[in-house]
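*Asks:* My questions concern the predicted model and sequence given below.
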Amino acid sequence: MEWVVKTGSSVEAALQAALAELGIQRGEAEFEVVQEAQKGLFGFLGGQEAIVKVRPIPQTASFASDFVQEVTRQLGVTVDVETRRENGYVFCDVFGKNVGLLIGRRGQTLDALQYLVNVAGSRHCPGHERVILDVEGYRSRRKEALERLAARVADRVRNTGRRVRLEPMSPHERKVIHVALQQEKGITTFSEGEEPYRKVVIAPQD
Amino acid sequence: MKELVEFLARALVDHPEAVQVREIEDGETVIYEVRVEPDDMGKIIGKHGRIVRALRTVVKAAAVKDGRRVLVEVVQ
């Protein structure tokens, strides 16, 4: 975002003029004093006005939305981005055609993009909040699929008394499985192996 | 594609103006050489290369569409 530079008889006056031009409140802006006002000789000779530069603080939601829009434009897909704040997170939902490439195999492109928007945001967006990125509801659909898988495999483990090792999953996906089976009787879950091949194991409980 | 690499690299460093990307074509493979300020090296690579790995994943998604192989290297 570009700086707006304003002069005034005092820092406060210059700041107010800049805020008025940007149409934002003081708390939504960051500013730097370029030059303090100085009284000249006899109050008029050689005095100088205060100069400040002001710009809006980039908010997480608009930062994330701009970031995603730019990346998808480069990838040649047109998307709509909706953002909402909930429980201290900024949810950024992306919709559009041919967005499969934004998700990637088992959501790895989506995870990478989410990670990058958070790293970039934490460095360049003051007051950055954690962004949860989703494309066409992939994360919620995946969560439901994982929960169904967990329930199915838990039944099998109870019936056969044999442990089952699931396919490798990201930390987030493993957590979905662990949480889903937390209350289940007769089985226990844990993870083994090294990232990125770490797997959840569902085992019978003695 | 080069633009995408530049955009992502600039978003991650403290000195975006110093980011330079060179595109080197080698048959079916395209190599992107990313040059950043020395003190930005860690910012773009990340702990255990985590950031540059994510960057590569996103750039590879773009490459799949073009049917090409891409490599992203950070150089000093």
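*Replies:* Yes, it's here. Residues are numbered from 1 along each chain as shown, chains lettered A, B, ... in the order given.
*Asks:* Tell me how chain A divides into domains.
*Replies:* In terms of domains, chain A is parsed into A:4-56, A:60-136, A:140-204 (source: automatic domain parsing).
*Asks:* mind checking how far the residue nearest to B:R69 when sequence neighbours are not counted is from chain A?
*Replies:* Excluding its sequence neighbours, the residue lying closest to B:R69 (C-beta to C-beta, 6 or more residues apart in numbering or on different chains) is B:T29, at 4.5 Å. All C-beta atoms are positioned from the backbone trio N, CA, C, and that covers glycine. Look at B:T29 and chain A: by C-beta to the nearest C-beta, to the nearest Å, they are 19 Å apart.
*Asks:* Is it correct that B:T29 is in contact with B:G67?
*Replies:* No: with contact taken as C-beta atoms under 8 Å, B:T29 and B:G67 are classed as non-touching, separated by 11.7 Å.
*Asks:* between these two, who's got more neighbours?
*Replies:* Neighbours were tallied for B:T29 and for B:G67 using other C-beta atoms under 10 Å in any protein chain shown; the higher tally belongs to B:T29 (12 against 7).
*Asks:* Output the set of residues of chain A in proximity to chain B.
*Replies:* Where chain A comes near chain B, counting by C-beta under 8 Å from any C-beta of the partner chain, the residues are A:67, A:70-71, A:74-76, A:101-102, A:104, A:108-109, A:111-113, A:115-116, A:119-120, A:123-124.
*Asks:* Weed out the non-buried ones from those.
*Replies:* Buried subset of these (neighbour count, 16 or more other C-beta atoms under 10 Å in any protein chain shown): A:67, A:71, A:74-75, A:101-102, A:104, A:108-109, A:111-113, A:115-116, A:119-120, A:124.
*Asks:* Ramachandran coordinates for A:R130?
*Replies:* When quoted as degrees, to the nearest 10, the phi and psi of A:R130 stand at phi -70, psi 130.
*Asks:* Count the neighbours of A:V99 for me.
*Replies:* Around A:V99 there are 18 other residues, counting by other C-beta under 10 Å.
*Asks:* Please report how far it lies from chain B.
*Replies:* Computed as C-beta to the nearest C-beta, the A:V99 to chain B distance reads 11 Å.
*Asks:* ok, longest helix in chain A?
*Replies:* The helix that spans the most residues within chain A, counting by DSSP state H, is helix A:138-160.
*Asks:* Alpha carbons only: can I get whichever helix or strand comes after that one in CSV?
*Replies:* Beyond helix A:138-160 in the direction of the C-terminus, DSSP states H and E gives the next helix or strand as strand A:164-168. Output in CSV follows, covering the C-alpha atoms of strand A:164-168 (Å, rounded to 0.1, in the frame of the first residue of the first chain):
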residue,chain,number,x,y,z
VAL,A,164,-4.0,-51.1,11.0
ARG,A,165,-1.5,-48.6,9.7
LEU,A,166,-3.1,-45.8,7.6
GLU,A,167,-1.5,-44.1,4.7
PRO,A,168,0.9,-41.2,5.4
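*Asks:* Who are the packing partners of strand A:164-168?
*Replies:* In this structure, strand A:164-168 packs against helix A:138-160, strand A:199-204, with contacts taken as 3 or more C-beta pairs under 8 Å, 6 or more residues apart in numbering or on different chains; DSSP states H and E.
*Asks:* what lines up beside the shortest one in the sheet?
*Replies:* Strand A:199-204 pairs in its sheet with strand A:164-168 (antiparallel), strand A:187-192 (antiparallel), by DSSP bridges.
*Asks:* Residues contacting the helix or strand containing B:I51, please?
*Replies:* Under the assignment given by DSSP H and E, the secondary-structure element containing B:I51 is helix B:50-66. In this structure, residues lying in contact with helix B:50-66 by C-beta atoms under 8 Å, 6 or more residues apart in numbering or on different chains are A:71, A:74-76, A:101-102, A:104, A:108-109, A:111-113, A:115-116, A:119, B:1, B:4-5, B:8-9, B:12, B:30, B:32, B:43-46, B:69-70, B:72, B:74.
*Asks:* can you pull the buried residues of the helix or strand of chain A with the lowest mean pLDDT?
*Replies:* One helix or strand of chain A scores below all others by mean pLDDT, DSSP states H and E: strand A:29-35, with a mean of 85. Judged by neighbour count using 16+ other C-beta under 10 Å, the buried positions of strand A:29-35 are A:29, A:31.
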